[in-house]
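In: Please work out how this folds:
(chains A and B)
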Amino acid sequence: MNGVHDMGGMDGFGKVEPEPNEPTFHAAWEARVMAMMRAMGAAGAWNIDMSRASRENLPPDVYLASSYYRRWALGMEQMLLEKGLVDSDELAAGRALRPGKPLKSKLTPEMIERVLTRGSFARPAPAPARFKVGARVRAKNMHPPTHTRLPRYVRGRVGVVELIHGCHVFPDSAALGEGDNPQWLYTVRFDASELWGADADPTVKVSIDAFEPYLEPA
Amino acid sequence: MDHEHDGHEHHEHGRGLPPHPTREDDDVALTYGEARYLALKSLLIEKGLVTADEIRRRLEINERGNPQQGARMVARAWVDPAFKARMLADAKEAAKELGLEVTEAKLVAMENTPACHNLIVCTLCSCYPRSLLGEPPAWYVSKAYRSRAVREPRKVLREFGLDIPETVEVRVHDSNADLRYIVLPMRPAGTEGLSEEELAALVTRDCLVGAAVPRSPNA
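Out: Numbering: from 1, shown residues only, chains lettered A, B, ... in the order given. Reported below is the predicted structural model:
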């Protein structure tokens, strides 16, 4: 979806402000929100793509005005509602008003070990890779209303295939609960001028990881 | 992490009483985030979706990653060319040689050279090699960094105090799929006599993202 989360190239957010000796978390609850999110993900309540989509689907004003960890908390609440794991009156009350629906899988220590990311997302290839290293490719001018990992700033732009990473779970499908739908994954390199116009710094190159359905021959 | 305060979560507080604060300073007033966390946690536990033990266990695992682990890999690559070649071929496998477990699908090391400086960003969210380096710094997940790194990286780097010469290409990699990236910086001049441990101490977290470069202690 064309959401405010797709921030590459936007103006107006000010300077980057590195903080000397920055702590990992600025408040204990931040670490705990991450821990809850991961525990629930490991138990199979949702996958990483659904989790990303939940934050992208926050209303734009809420997304922009919320801190990083607050977005995680809000996204988690959204998923709990969508999956029917809690009801909105329970969220408002902060306690259970009716018995819970157990998750399909029992949470084991091994599952808790798993982080938010996929430990392995490689899948057997359904077909040979369409593009070779060195091929000129165009990022499609596509605007799916649902989750995608193709940033807006590369759409319609021509780059070069630099690496082929094998065949992997396709986030656009997995976010919708439509299964792995494995796709080839490439690193594609763009000149800054192709992305940002004639005034761009000629000494800058930008690369992304692009799934095959995002690309067409150029 | 304040395990002592985790301990507080063992006992339940009666309804109607203010929930126990989660901050280290035991402040009575709850921030928005604390209140929201406590409400959500108790709700999930009551619903049987998660247990306090599972959350605690995840908290411990969250703490395993830290930048020193990435620094160890870099220092080893500087002193052992064969290890460096293996790290560039498959950084996740190379990490195992140092007893480090990367739980993300794949870890890619991008090598800085006299001709190319690498910078990592995730414009869509906050992809970062967390199992190796821990949680990303606030600047990495900030809207300013996510929006600007792909468009004006040299300007962003100057805000970190890093001026990359115009003769050096700046390569920004947007980490937008399930691969995770670390930068393998160049070994600074004047570090010939240093041990592997001393070398690792020169490699800060920001060096591993490309927002800084290691400096010789004598420079």
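In: Could you list the buried residues of stretch A:176-186?
Out: By neighbour count with 16 or more other CB atoms under 10 Å in any protein chain shown, stretch A:176-186 contains the buried residues A:181-186. To be clear about C-beta, it is placed using only N, CA and C from the backbone, and glycine gets the same treatment.
In: Restricted to helices, list those.
Out: Mapping the buried residues of stretch A:176-186 onto helices (DSSP state H) picks out no residues; all lie outside.
In: For the residue lying closest to B:T113 once chain neighbours are set aside, the count of nearby residues, please.
Out: Leaving out its chain neighbours, the residue that sits closest to B:T113 by CB to CB, 6 or more residues apart in numbering or on different chains is B:M186, at 7.1 Å. Look at B:M186: counted by other CB atoms under 10 Å in any protein chain shown, it has 16 neighbours.
In: how about the strands in chain A?
Out: Taking DSSP state E, the strands of chain A run over residues A:136-139, A:158-168, A:183-191, A:204-211, A:215-217.
In: how about low-confidence regions in chain B?
Out: B:1-29, B:219 (pLDDT under 70).
In: Now do the strands in it.
Out: B:106-111, B:116-121, B:169-174, B:179-184.
In: Now tabulate the ones you listed in TSV and tack on distance to B:E63 and mean neighbour count.
Out: Shown next, in TSV, are those (distance: least, CB to CB, whole Å; neighbours: other CB atoms under 10 Å in any protein chain shown):
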stretch	distance to B:E63	mean neighbour count
strand B:106-111	19	21
strand B:116-121	22	24
strand B:169-174	27	22
strand B:179-184	18	25
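In: Out of those, flag the one nearest chain A.
Out: Comparing these by their distance to chain A (CB to the nearest CB), the top pick is strand B:169-174, with 4.6 Å.
In: neighbouring strands for that closest one, and are they parallel or not?
Out: strand A:204-211 (parallel), strand B:116-121 (parallel) (DSSP bridges).
In: What residues sit buried inside the longest one?
Out: Yep, that's strand A:204-211 we're talking about. Residues of strand A:204-211 classed as buried: A:204-211 (neighbour count, 16+ other CB under 10 Å).
In: and if you look at stretch B:154-164?
Out: B:154, B:156-157, B:159-160, B:162, B:164.
In: Check stretch A:31-49 too.
Out: Using 16+ other CB under 10 Å as the test for burial, stretch A:31-49 gives A:31-43, A:45-49.
In: among those, which are within reach of chain B?
Out: By CB under 8 Å from any CB of the partner chain, the members of these lying near chain B are A:31-36, A:38-40, A:42-43, A:45, A:48.
In: before we move on, back to that, which members of the buried residues of stretch A:31-49 are positioned in helices?
Out: Reading helices off the buried residues of stretch A:31-49 with DSSP H, I get A:31-42, A:48-49.
In: Out of those residues, flag the one nearest to B:R36.
Out: Nearest to B:R36 among these, counting by CB to CB, is A:V33 at 8.2 Å.
In: rewinding a little: just curious, which of the buried residues of stretch A:176-186 is nearest to A:E162?
Out: Comparing the buried residues of stretch A:176-186 against A:E162 with CB to CB picks out A:Y186 as the nearest, at 7.6 Å.
In: Tell me how far the closest one lies from B:P188.
Out: From A:Y186 across to B:P188, the span is 34 Å (CB to CB, to the nearest Å).
In: And for A:G84?
Out: In terms of CB to CB, A:G84 sits 56 Å off from B:P188.
In: who has more neighbours, those two?
Out: The neighbour comparison of A:G84 against B:P188 (other CB under 10 Å) goes to B:P188, with 18 against 8.
In: number of nearby residues for the nearest residue to that one once chain neighbours are set aside?
Out: Closest residue to B:P188 apart from its sequence neighbours, by CB to CB, 6+ apart: B:S216 at 4.2 Å. For B:S216, the number of neighbouring residues by other CB under 10 Å comes to 13.
In: Please report how far B:S216 lies from A:L215.
Out: Distance, B:S216 to A:L215, using CB to CB: 43 Å.
In: Tell me, what's the model's pLDDT at the residue lying closest to A:S173 once chain neighbours are set aside?
Out: Leaving aside its sequence neighbours, A:S173 sits nearest to A:N181 (CB to CB, 6+ apart; 3.7 Å). Listed pLDDT for A:N181 reads 92.
In: Equivalent analysis for A:I112, please.
Out: pLDDT, A:I112: 54.
In: what about the longest helix in chain B?
Out: Under DSSP H, chain B gives helix B:32-46 as its longest helix.
In: separation between A:P124 and chain B?
Out: 15 Å (CB to the nearest CB, to the nearest Å).
In: I figured that residue hits A:V169, correct?
Out: No - in this structure, A:P124 is not within contact of A:V169 by CB atoms under 8 Å, at 11.7 Å.
In: Thanks a lot, catch you later.
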